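*Asks:* Here is the input, now give the coordinates:
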Amino acid sequence: MSRPDTAPLAVLVVDDEVPAREELAYLLRADPRIGEVREAADGVSALRELDREPVAAVFCDIRMPGLDGMQLAKVLSRFAERPQIVFVTAYDSHAVDAFDLQAADYLMKPVHPARVAESVRRIVEAGHESGAADDESIPIELAGVTRFVRRSDVRYVEAQGDYARLHTDKGSHLVRIPLALLEERWAEAGFVRIHRSTLVAIGHIDEVRISDGHCSLRVGRDVLQVSRRHTREVRDRLVRSGPRPRDDG
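*Replies:* Predicted coordinates:
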């Protein structure tokens, strides 16, 4: 359902495969939140279309001849008024790059109407938000079903190789995103590194304990150890944010 004060959105579909492009354009035109749907067969043509008239969002394939979807997204990221990006691909190997480019969504081919509708919802919601620190959602793919976890619901994150495990009050979710990327991306949202393998959301810290020079945090039912290397930074961040450590020594 579209909001009463939301004008229909103009979008651009970019794909060198005609059947895939036409199918996605058809699904988008069927959505009442979408007004104009334009099409382009490659990245260069897409830039010409955007130069003619901007759009709210670009749905683009990744593997295209010439200027591919990732390269196109990097160009669009430098626009003064950057359109939302939704990658549409048959491969899941570009998910980390998509996250780094702050894509609104990552659709897997063949696209399904429900997933396209969810992408449109995310684009509409993004249009009502402002500021770099706005909440964001992380897509979690499990057995062909996509769920979304809000960053504000993430209490802490643990590194597991090239993956990261997001811990919320309802469970944990494994995503193929390096911890270092999350640390850089979420620093302004209140996440702090407490260990080489752990990030914690300051707002979810329930208790701080310092005993004999060792620092630990209680986040919900979990107790997390702070490494000596990161103790000073953690204490400084906590002092600036409000909570005060309790000395048990």
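
*Asks:* what does the helix or strand harbouring Phe87 rub up against?
*Replies:* Using DSSP states H and E, Phe87 sits within strand 84-89. Outside strand 84-89, the residues that touch it by Cβ atoms under 8 Å, 6 or more residues apart in numbering are 15, 20, 24, 56-63, 69, 73, 76, 94, 98, 101-109, 111, 119, 122-123, 126. C-betas here are computed from N, CA, C, even on glycine.

*Asks:* Buried ones only from those, please, as a PyMOL command.
*Replies:* With 16 or more other Cβ atoms under 10 Å as the burial test, the buried ones among these are selected in PyMOL as follows:
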select buried, resi 15+20+24+56+57+58+59+60+61+62+69+73+76+94+98+101+103+104+105+106+107+108+111+119+122+123+126
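
*Asks:* tell me the domain boundaries of the chain?
*Replies:* In the domain annotation for the chain, the residue ranges read 9-130, 151-247 (automatic domain parsing).

*Asks:* Quick one: closest of the ones you listed to Ile140.
*Replies:* domain 151-247 (4.8 Å; Cβ to Cβ).

*Asks:* returning to what we had before: point out the most buried one among the domains of the chain.
*Replies:* domain 9-130 (a mean of 18; mean count of other Cβ atoms under 10 Å).

*Asks:* quick one on the thing from earlier: restricted to strands, list the contacts of strand 84-89.
*Replies:* Cross-referencing the contacts of strand 84-89 against strands under DSSP state E gives 57-61, 105-108.

*Asks:* mind putting those residues in JSON lines, distance to Leu9 and pLDDT included?
*Replies:* Formatted as JSON lines, the ones in strands among the contacts of strand 84-89 follow (distance: Cβ to Cβ, whole Å; pLDDT from 0 to 100):
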{"residue": "Ala57", "distance to Leu9": "7", "pLDDT": "96"}
{"residue": "Val58", "distance to Leu9": "11", "pLDDT": "97"}
{"residue": "Phe59", "distance to Leu9": "11", "pLDDT": "97"}
{"residue": "Cys60", "distance to Leu9": "16", "pLDDT": "96"}
{"residue": "Asp61", "distance to Leu9": "20", "pLDDT": "94"}
{"residue": "Asp105", "distance to Leu9": "14", "pLDDT": "86"}
{"residue": "Tyr106", "distance to Leu9": "19", "pLDDT": "86"}
{"residue": "Leu107", "distance to Leu9": "16", "pLDDT": "88"}
{"residue": "Met108", "distance to Leu9": "22", "pLDDT": "87"}
